[in-house]
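Undergrad: kindly return the folded structure for what I paste below:
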Amino acid sequence: MRVAQDCWARFFCVAALLVGSYVFLNARSRPENVPPRQSLSSFPLLVGDSFGRDVPIPAEVISVLGDGEFVERLYQSGSEPVVDFFVAYFPTQRTGSTIHSPQHCLPGSGWTPVEFSRISLPRPGGDSMLVNRYVIGKGLDRQLVLYWYQSHGRVVASEYAAKFYLVEDSIRMNRSDGALVRVVTSINRGETEAAAENRAVAFIHDFLPSLDSYIPR
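TA: Numbers count the residues shown, from 1 in each chain. Okay, here's the model as predicted:
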């Protein structure tokens, strides 16, 4: 009896894997549902009281990032320190172009993590979102980095959770589009980390309500 039960258990496990594989492969074979959205190039140059200017992204960096749409801008309000805003959006991640974690890019540019945590930020509508918070260093210089992964109205901090939802949404919604949103600001000499964080969070608060137009739900 025990042998028979084990056989049936293995059968159902194999059957479930086969069905799951079929559904996933079938989803991949269909054209994806990509909702209309605004181009990142049209993202407002005025966010709150901060004015932005575009930062050209080198062609060799674009080739590493893959087939997506990218924007990087430096925003500044008066004499306040600059806030670096970057978004990478991929209409599809089924063709090999996927979101790159900033954790992999920082060491290559000479910056090393000094401190890591996650913080909760308010979202329009009253809910909250968990984002990554890094303090990075290069020599005596320090910067504060906040970033997250966003797709289909969902915000996650974990790269692994983003990969899990990528598979789930490919099957359930026939969509694999997604984005990385990153905000960086310097921690000036004599300035506290809390002051730099407040500046970055205030900037995020100003642009979040319009972000769904560029990263579709």
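
Undergrad: the residue nearest to residue 122 when sequence neighbours are not counted: what's it in contact with?
TA: Distance criterion Cβ to Cβ, 6 or more residues apart in numbering; nearest residue to residue 122, sequence neighbours excluded, is residue 128 at 5.5 Å. Just so you know, the C-beta spots here come from the backbone N, C-alpha and C atoms, and that holds for glycine as well. When contacts are counted by Cβ atoms under 8 Å, 6 or more residues apart in numbering, residue 128 touches 120-122.

Undergrad: mind listing what the closest residue to residue 110 other than its chain neighbours touches?
TA: Nearest residue to residue 110, sequence neighbours excluded (Cβ to Cβ, 6+ apart): residue 138, at 5.1 Å. Taking Cβ under 8 Å, 6+ apart, we find residue 138 in contact with 110-112.

Undergrad: could I get the buried residue list for stretch 69-81?
TA: Neighbour-count burial for stretch 69-81 flags 69-73, 75, 77, 81 (criterion: 16 or more other Cβ atoms under 10 Å).

Undergrad: one step back: bridging residues for the residue nearest to residue 110?
TA: Legend: beta-bridge partners of residue 138 under DSSP bridges are residue 141.

Undergrad: and for residue 87?
TA: With DSSP bridges as the rule, residue 87 is bridged to residue 71, residue 181.

Undergrad: among the buried residues of stretch 69-81, which pair sits farthest apart?
TA: The distance between the two most remote of those (Cβ to Cβ) is 27.2 Å, for 69 and 81.

Undergrad: if we can go back for a sec, and the contacts of residue 138 as a markdown table, adding distance to residue 53?
TA: Shown next, in a markdown table, are those (distance: Cβ to Cβ, whole Å):
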| residue | distance to residue 53 |
| --- | --- |
| 110 | 23 |
| 111 | 22 |
| 112 | 28 |
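
Undergrad: least confident of those residues?
TA: Ranked by pLDDT, the contacts of residue 138 bottom out at residue 110, which has 81.

Undergrad: tally up the residues packed near that residue, please.
TA: The number of residues packed around residue 110, counting by other Cβ atoms under 10 Å, is 11.

Undergrad: what of residue 35?
TA: Residue 35: 9 surrounding residues under other Cβ under 10 Å.

Undergrad: can you list the low-confidence ranges for the chain?
TA: Where the chain drops to pLDDT under 70, the residues are 1-30, 96-97, 104-108.

Undergrad: okay, helices next: where are they in it?
TA: 2-29, 59-65, 102-105, 159-172, 193-211 (DSSP state H).

Undergrad: would you mark the buried spots in the fourth one?
TA: What it means is helix 159-172. 159, 162-163, 165-166, 169-170.

Undergrad: next, format these as a markdown table and append distance to residue 59.
TA: As requested, the buried residues of helix 159-172 are exported to a markdown table (distance: Cβ to Cβ, whole Å):
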| residue | distance to residue 59 |
| --- | --- |
| 159 | 26 |
| 162 | 26 |
| 163 | 28 |
| 165 | 31 |
| 166 | 27 |
| 169 | 31 |
| 170 | 30 |
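
Undergrad: which among the residues you listed gets closest to residue 49?
TA: Comparing the buried residues of helix 159-172 against residue 49 with Cβ to Cβ places residue 162 closest, at 32.0 Å.

Undergrad: contacting residues around the closest one?
TA: Going by Cβ under 8 Å, 6+ apart, residue 162 touches 99, 149, 151, 156, 178.
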